[in-house]
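S.K.: have a look at this prediction, sequence included:
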Amino acid sequence: MTRGDERNGAGHGEDGRDEHQELVELLNELRVVLPGVQVLFAFLLTIPFTGRFKELSTFQETLFSVSFLFAAFALVLLMTPTAYHRIRFRAGDDEAMLRISNRLTIAGLACLAVSLEAAVLLVADLVHSGALAAVAGVVVGLLLVGLWFGLPIVRAARERRS
């Protein structure tokens with residue numbers, strides 16, 4: 001049971017696992033993804049200060065802006081569960097904290113997917129403009145959507161049917 005369970009009678013999620021443990025697992029997962037988002041964001045922060053930035057086409061500037069903004073959104077969304085947990089620690093609302101943090105994490109991953117896709121398209125367009133850049137964008141986009149979102153959604157649908 002979590003610290004607040006004595007007060008609210010909670011403590012176990014729908015699958016019977018301790019909510020506090022699920023929250024710890026979520027925060028550990030965030031520790032894995034956050035360094036990658038931070039590196040991407042740091043890299044994007046440096047691009048406007050390079051000499052070649054002024055040579056970008058309107059399309060490339062748009063890709064950069066999308067990638068930069070969505071990396072920032074991803075950082076905010078993915079760091080929020082940690083801040084939320086730290087501020088609400090021992091408040092006895094692990095269930096709500098877990099539900100909110102899970103939604104924030106999924107939204108953060110969606111923003112990260114958009115940022116990665118835009119960054120791949122930008123680099124591919126700079127290196128190999130045209131059809132090859134489009135193919136790179138489509139392949140990475142399909143991988144992101146398929147593996148990050150499609151795979152768990154399909155698995156959940158199969159579990160519901162059985």
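M.R.: That came through, no problem.
S.K.: next SSE downstream of the helix or strand of the chain with the lowest mean pLDDT?
M.R.: Lowest mean confidence among the helices and strands of the chain (mean pLDDT, DSSP states H and E): helix 5-8, at a mean of 40. For helix 5-8, the succeeding helix or strand toward the C-terminus, using DSSP states H and E, is helix 19-46.
S.K.: got the buried residues for that following helix?
M.R.: 19-20, 22-23, 26, 30, 34, 37, 40-41, 44 (16 or more other CB atoms under 10 Å). Placement of C-beta: from N, CA and C, glycine included.
S.K.: so where's this protein uncertain?
M.R.: Low-confidence regions of the chain, defined by pLDDT under 70, span residues 1-17.
S.K.: repeat that with 90
M.R.: Along the chain, the parts satisfying pLDDT under 90 run over 1-24, 26-28, 52, 82, 84-97, 129-130, 162.
S.K.: grab the most central residue of it for me.
M.R.: In the chain, the centroid-proximal residue (CA atoms, centre = their mean) is Leu109; its distance is 1.9 Å.
S.K.: tell me which residues touch that one, please.
M.R.: Under the criterion of CB atoms under 8 Å, 6 or more residues apart in numbering, the neighbours of Leu109 are 33, 74, 78, 148.
S.K.: show me which residues of the helix or strand it falls within are buried.
M.R.: Under the criterion of DSSP H and E, Leu109 resides in helix 94-127. By neighbour count, and taking 16+ other CB under 10 Å as the criterion, the buried residues in helix 94-127 are 94-95, 97-98, 100-101, 104-105, 107-122, 124-125.
S.K.: go through the buried residues of helix 19-46 and say which is closest to Val140.
M.R.: Here the nearest of these to Val140, counting by CB to CB, is Leu40; it sits at 13.4 Å.
S.K.: wait, the closest one sits on Glu117?
M.R.: No: under the contact definition of CB atoms under 8 Å, Leu40 does not touch Glu117, with a separation of 11.7 Å.
S.K.: which residues touch Leu56?
M.R.: Listed by CB under 8 Å, 6+ apart, the contact set of Leu56 reads Phe64.
S.K.: give me the phi and psi for it.
M.R.: Geometry field for Leu56 lists phi and psi as phi -70, psi 140, criterion degrees, to the nearest 10.
S.K.: ok, Phe53 next?
M.R.: Backbone torsions for Phe53, taken as degrees, to the nearest 10, come to phi -60, psi -40.
S.K.: please look at it and Leu44 and confirm they touch.
M.R.: No: at 11.2 Å, Phe53 does not count as touching Leu44 under the criterion of CB under 8 Å.
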